Structure formats: structure tokens, C-alpha cells
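**Q** Attaching a predicted model along with its sequence, questions to come.
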Amino acid sequence: MTETELRALLVEHAASLFARGFSVGSAGNISVRLPDGYLITPTNSSLGRLDPARISRLDAAFAHVGGDKPSKEVFMHRAFYTARPDAGAVVHLHSTHATAVACLADVDAGNPIPPLTPYFVMRVGRAMPVVHYYRPGDAAMEPAIAAAARDARAVLLANHGPVVSGRTLTDAVYAAEELEEAARLFLLLHGRRTRLLTDGQVDDLLQTFG
Ligand code: 13P
């Protein structure tokens, strides 16, 4: 895809996420890897009303070289790109149910949402750890996220929200959507006897769909 096409796709996905309530106000940010740098949504922009020409452009060292002032969460995105050479895009949302799980005190911090459905496993993977709370925009979150992201396509930032990577922009958006749905199911099922996918079923999904 050309950079112009990627800018248009980013605006389209962001508007769709916003229209469906996956982000509100100016919450959330999205980035895409380019051959020589990155695109990232500008700070304080609404995902519902992005202008493709004003999306921030970073060089390969994550320095701002064009467009509006970039998201204050560049560190969060950089953590994923450096830890995961296969990551082509990163989506950070404050989507309601995933963020609710990120606020729960008594969850398994290594994997708070169990394997409930095939598409959660296929899109998000075997495990999605919780990363300790950091103030939004705090550069200190970068090493903690990078350490967690080496073995996980997505993380939950405690009391803040999900960060999800994908090979492509569309993959990352789809994974963020599946994560939000899995979090909603997890909360809906709270207190009920639940049949989880077995280890064998999870292995089969990951072997078949990668
Ligand atoms: P930015 O507006 O700087 O991208 O920050 C939004 C956000 O979601 C903070 O976590």
C-alpha cells in the first residue's frame, strides 16, 4: 500500500471505531509502520474526525518530521515496534469492557481473559498480560510494555486500556475489536460456570491460523 492509501485506511478504521463507541472524546491512538518511518494519530485528536493530511509522520528513529504534533503515547507504540519486528500497526483504545478488565483487582495478571472463543485466540493469541499502571504519556512505560510485548501481540495497561499490534493496520484493528468483545463476554459470564477452550483447541487454532 502507498502512504496515501495507508493514511486513508487509517482515517477510515479510526472513524469506524469511533462511530461504534470503541473510543470517545480524544481517547485512543493508532500508528502504522512505513518503509522509512511511521504514521501516528496527532495528540488530542478525535479518532472520529482525522484529517489524512495532518496525521503525524515520524522518521525511522520516531522523531516527528511532519503533520500535527504526534500522540503523547509514541513510547507505547515504539515499545511494540521494537519488541515485535512483525508488527506493522499498533492500536491503543480505551474501549469500555477491555478497560473494565484492566481495572479488576483479582485477575491473572499474566492472562486476565481466558480462551473463551476461537476469534479471540486467533486474533489476540494465547496470552495478553496486564502491564502495571503508568500515567498516560509517561515514557517509563516503554520498557515494561516492550518486555510484555515480546511474547504477546496485545497488552492491557492497568486502569487505562488495551494496546494491540497486528501485521497490518486492518489486522491490528480487528484484533482490538475481538479483544473488546472477549472482554465483554468475560464480564458477562462472571460468576457463571464457563466452558473454556481446551489447551488442545487453542494449539489447533494457533497452528491452523498462525
Ligand atoms: P493522545 O491524544 O496524545 O494520543 O493520547 C490519547 C490517549 O489515549 C492517551 O492514552
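**A** That came in fine, so what should we check first?

**Q** Without its sequence neighbours, what residue ends up closest to Phe186?
**A** Excluding the flanking residues, the one nearest Phe186 by Cβ to Cβ, 6 or more residues apart in numbering is Ile113, at 5.0 Å. C-beta: built from backbone N, CA, C; applies to glycine.

**Q** Just to check, that neighbour is in contact with Ala182?
**A** Yes: counting by Cβ atoms under 8 Å, Ile113 does reach Ala182; the two are 5.3 Å apart.

**Q** Now for the two: what residues contact both?
**A** With contacts defined as Cβ atoms under 8 Å, 6 or more residues apart in numbering, the residues shared by Ile113 and Ala182 are Phe120.

**Q** Work out which residue lies at the spatial centre of this protein.
**A** Val164 (2.2 Å; Cα atoms, centre = their mean).

**Q** Distance of it relative to the ligand?
**A** 13 Å (Cβ to the nearest ligand atom, to the nearest Å).

**Q** near the ligand, which residues of the chain show up?
**A** Ser26, Ala27, Gly28, Asn29, Thr41, Thr43, Asn44, Ser71, Lys72, Glu73, His92, Pro136 (Cβ under 6 Å from any ligand atom).

**Q** Which ChimeraX command selects the buried ones in those residues?
**A** Applying 16 or more other Cβ atoms under 10 Å to the residues of the chain next to the ligand, the buried members can be selected in ChimeraX as follows:
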select :26,27,28,29,41,43,71,73,92
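
**Q** Same list, the residues of the chain next to the ligand, but as JSON lines with pLDDT and secondary structure please.
**A** Compiled in JSON lines, these are given as follows (pLDDT from 0 to 100; DSSP: H, G, I helix; E, B strand; the rest coil):
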{"residue": "Ser26", "pLDDT": "98", "secondary structure": "coil"}
{"residue": "Ala27", "pLDDT": "98", "secondary structure": "coil"}
{"residue": "Gly28", "pLDDT": "98", "secondary structure": "coil"}
{"residue": "Asn29", "pLDDT": "98", "secondary structure": "strand"}
{"residue": "Thr41", "pLDDT": "99", "secondary structure": "coil"}
{"residue": "Thr43", "pLDDT": "98", "secondary structure": "coil"}
{"residue": "Asn44", "pLDDT": "98", "secondary structure": "coil"}
{"residue": "Ser71", "pLDDT": "98", "secondary structure": "coil"}
{"residue": "Lys72", "pLDDT": "98", "secondary structure": "coil"}
{"residue": "Glu73", "pLDDT": "98", "secondary structure": "coil"}
{"residue": "His92", "pLDDT": "98", "secondary structure": "strand"}
{"residue": "Pro136", "pLDDT": "97", "secondary structure": "coil"}
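
**Q** just to revisit the earlier point, and the residue nearest to Phe186, helix, strand or coil?
**A** coil (DSSP: H, G, I helix; E, B strand; the rest coil).

**Q** re the thing from before, quick one: mean pLDDT over the host helix or strand of the residue nearest to the centre of the chain.
**A** Applying DSSP states H and E as the criterion places Val164 in strand 161-166. Computed over strand 161-166, the mean pLDDT rounds to 98.

**Q** Next: stretch 142-151.
**A** Per-residue scores along stretch 142-151 average to 98.

**Q** As a check, name the ranges of all helices in the chain.
**A** 3-19, 74-83, 96-102, 118-124, 141-149, 169-188, 199-209 (DSSP state H).
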